[in-house]
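Q: Turn this into a model:
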Amino acid sequence: MGRGLDDIFYFEGAGRKIRNLRANPQAVVHLESGNEVVIIEGYFEEISRPNRSFFQELDEEFARKYVTYRPSGNLSSPDAQPYPDGGLFAIYPQAVIAWNSFPNDATRWRIARAERDYVSLSLPTPRNRIG
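A: Coordinates of the predicted model:
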């Protein structure tokens with residue numbers, strides 16, 4: 001499960017997927033559809049303890065998409081450390097590829113993100129920039 005917020009893709013996870021991303025933070029996210037394609041290439045960061053207002057905003061975004069699911073359902077109390085058995089993670093996009101009618105409308109965007117973008121969200125500044 002995941003959700004985009006402020007041009008960053010957030011998701012929950014555990015297990016092999018997260019171990020692999022911790023070892024190699026380059027990541028790709030895509031839609032399930034083979035006809036309406038959006039592929040996001042970027043890098044992975046773990047969000048260890050999001051601030052309360054950001055977490056509430058992300059919680060609402062998940063609820064808008066999944067209706068009955070909220071990440072806050074994983075917390076034992078409002079003051080609990082989020083995600084004791086897994087984690088909250090982010091994919092920071094560096095490129096997006098999309099199309100509806102390949103190859104007629106295939107488009108690729110490169111995304112440059114300033115350090116201030118991460119600071120304004122109170123998220124950790126990515127350590128593993130890809131040149």
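Q: May I have the beta-bridge partners of the closest residue to I47 other than its chain neighbours?
A: Of all residues not flanking I47 in the chain, L88 sits nearest, at 4.5 Å (Cβ to Cβ, 6 or more residues apart in numbering). C-betas here are computed from N, CA, C, even on glycine. Using DSSP bridges, the beta-bridge partners of L88 come out as E12, I47.
Q: residue contacts, L88?
A: Residues in contact with L88 (Cβ atoms under 8 Å, 6 or more residues apart in numbering) are Y10, F11, E12, E46, I47, P50, L58, P71, P82.
Q: Closest to N104 out of these?
A: Checking the contacts of L88 against N104 by Cβ to Cβ gives F11 as the nearest, at 31.0 Å.
Q: pretty sure the closest one is touching L5, no?
A: No: counting by Cβ atoms under 8 Å, F11 sits too far from L5 to count as a contact (11.1 Å).
Q: Compare neighbour counts for these two and give me the winner.
A: F11 (20 against 15; other Cβ atoms under 10 Å).
Q: Retrieve the pLDDT associated with that one.
A: F11 carries a pLDDT value of 85.
Q: now do T68
A: pLDDT at T68 comes out at 79.
Q: Name the SS class of it, please.
A: Under DSSP: H, G, I helix; E, B strand; the rest coil, T68 falls in the coil class.
Q: again, but for F9
A: Under three-state DSSP, F9 falls in the strand class.
Q: what about the strands in this protein?
A: For the chain, the strands defined by DSSP state E cover 2-5, 8-13, 26-30, 37-47, 87-99, 107-110.
Q: want to throw these into a markdown table with distance to Y66?
A: What follows is those, written out as a markdown table (distance: least, Cβ to Cβ, whole Å):
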| stretch | distance to Y66 |
| --- | --- |
| strand 2-5 | 8 |
| strand 8-13 | 11 |
| strand 26-30 | 16 |
| strand 37-47 | 18 |
| strand 87-99 | 15 |
| strand 107-110 | 27 |
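Q: How about the contacts made by the residue nearest to G87 when sequence neighbours are not counted?
A: With sequence-adjacent residues excluded and distances taken as Cβ to Cβ, 6+ apart, G87 is closest to E46, at 5.6 Å. When contacts are counted by Cβ under 8 Å, 6+ apart, E46 touches R22, G87, L88, F89.
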